[in-house]
Every structure is written in structure tokens, then in C-alpha cells.
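J.: Here is the input, now give the coordinates:
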Amino acid sequence: MHVFKCGAPVLDFLGTLRARRNAVPVEVLTSPESLDAWFRGSGMVDGDTHCGPSDVDDAIALREAIYLLIVARLAGDDYDAEALALVNARARTPSAIPQLTRAGRRIEATAQQALSSVARQAVEVLGGPEAALLKECSRPECTQVFLDRSRGGFREWCAMDPCGNRVKAAAYRARRRASRPRSASTAPAGR
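T.: Okay, the predicted model is just below:
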């Protein structure tokens, strides 16, 4: 199941590798069907892109390149040259194009066109005013990047469910443990 909570599909695309810092991260793009489902769920396309195994490999390579660029931006570091070249090359290729039909707007694209749209969105986010709104979720187990459009810019989590809820619950449990009076069996000897 794909999740869209970060303020831009390109950032949700990064979340297709979950728990990035864990010993065993969870890869969500495990098949052409899962990539197709992500494209549809994100709104990049309205129909199937008919992805193949090589499209999944291309998507993962693009995702990791975008992640390297965003991490560099967050740290104030220079961009990785290979990652930058890959994103720019993908952004130069034809992207998905919306068409007007009697029923309304419809976007049909190949997997390669949809990936170009993802790359172009990365260029827009990283090269535009929203780059200043980029943040990484503060829950240690989560590495999701999001746009903080909150009023004061104080958002800490990619989403309340699950990250904010987990952090708040852990803080509550820690406060409860710290405020419990010591029992006679746990009090230091000699007092």
C-alpha cells in the first residue's frame, strides 16, 4: 500500500523505501505492478503504465538519486554529481502529458514518461521556493522527507499517524516512568 502524506508526490516517492536507516529497510517497489500502483495512486497517471522489471530498476535508481540530493540540501552540502546528472537527464526526457477528454482531464503515460514527471517535480521542489520547507521526520526510525507548510514551520513529523503518535506515546511513557515514586524494593540501600 502506498502512502501520500508529504506535500508532494516526489517526496512520497522517496517513502517507497521505508525505514531507510534500519538494518533491513522495507522496499515497497517490489514489482512492476507495485510501481504501476504508485504512479496511479500519486496522480502521475490515470491508467496503467505497463511497467516492466527494468522500469522498477530505473525508478529505484531515480528515487535514490533524488534522496541523495534532498539529504544534501537539508545538510547544506553540495549535490552528488552522479545523482544530479541522473535526475537532470531523467527530467530532460518527455514527461506525462495531461489530455482533455469529454470526461475531463486524463493522464496516460509510459513508465519512462511518469519517471520524467517525478524527476521534474524533484527539480521544482529542490530548485524552487519550497526547498526551504523541506524537513525530515524527527521520529528516529522514519526517514521520510516532507514539506512543512504549517503556520509557524514547527511541524516535526511526516504525519501524526503513525510517527507523531508514536513519538508522543513514547514521551508520555517516559514521563510516567520518571514521575513514579520509587518503591522500597527499588530505593537505594542505606536510606
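J.: Could you list the single helix or strand in the chain with the lowest mean pLDDT?
T.: Every helix and strand of the chain was ranked by mean pLDDT, DSSP states H and E. The lowest is helix 165-179, at a mean of 71.
J.: what sits against Val56?
T.: By CB atoms under 8 Å, 6 or more residues apart in numbering, Val56 lies in contact with Leu29, Thr30, Ser31, Pro32, Ser34, Leu35. Every residue, glycine included, has its C-beta placed from N, CA and C.
J.: Sorry, wrong one. I was asking about Ala111.
T.: Going by CB under 8 Å, 6+ apart, Ala111 touches Leu35, Asp36, Phe39, Thr49, His50, Cys51, Gly52, Asp55, Asp58, Ala59.
J.: now swap in Pro94 and tell me
T.: Shown in contact with Pro94 (CB under 8 Å, 6+ apart): Gln113, Ser116.
J.: Next one, pLDDT for it please.
T.: You'll see Pro94 listed with a pLDDT of 95.
J.: That one falls within a strand, correct?
T.: No. In this structure, Pro94 is coil, not part of a strand, as judged by DSSP: H, G, I helix; E, B strand; the rest coil.
J.: Could I get the full set of helices for this protein?
T.: With DSSP state H as the definition, the chain shows helices at residue ranges 9-14, 32-42, 53-75, 81-92, 111-127, 165-179.
J.: And Val24, how close does it get to Phe39?
T.: Separation of Val24 from Phe39 (CB to CB, to the nearest Å): 26 Å.
J.: which of these two has more neighbours?
T.: Using other CB atoms under 10 Å, the more surrounded residue of Val24 and Phe39 is Phe39, with 29 against 6.
J.: Was I right to think the more buried one contacts His50?
T.: No. Between Phe39 and His50 there is no contact, the gap being 10.5 Å when judged by CB atoms under 8 Å.
J.: buried set for stretch 117-135?
T.: Across stretch 117-135, burial judged by 16 or more other CB atoms under 10 Å covers 117-123, 125-126, 130, 133-135.
J.: Distance check, Arg177 against Ser138.
T.: Taken as CB to CB, the span from Arg177 to Ser138 is 21 Å.
J.: the more surrounded of the two?
T.: Legend: neighbour count by other CB under 10 Å for Arg177 and Ser138, higher for Ser138 (13 against 8).
J.: Name the nearest residue to that one, sequence neighbours excluded.
T.: Closest residue to Ser138 apart from its sequence neighbours, by CB to CB, 6 or more residues apart in numbering: Glu156 at 4.4 Å.
J.: Ramachandran angles for the one you found?
T.: phi -110, psi -20 (degrees, to the nearest 10).
J.: Give the burial count for Arg40, as a bare number.
T.: 17.
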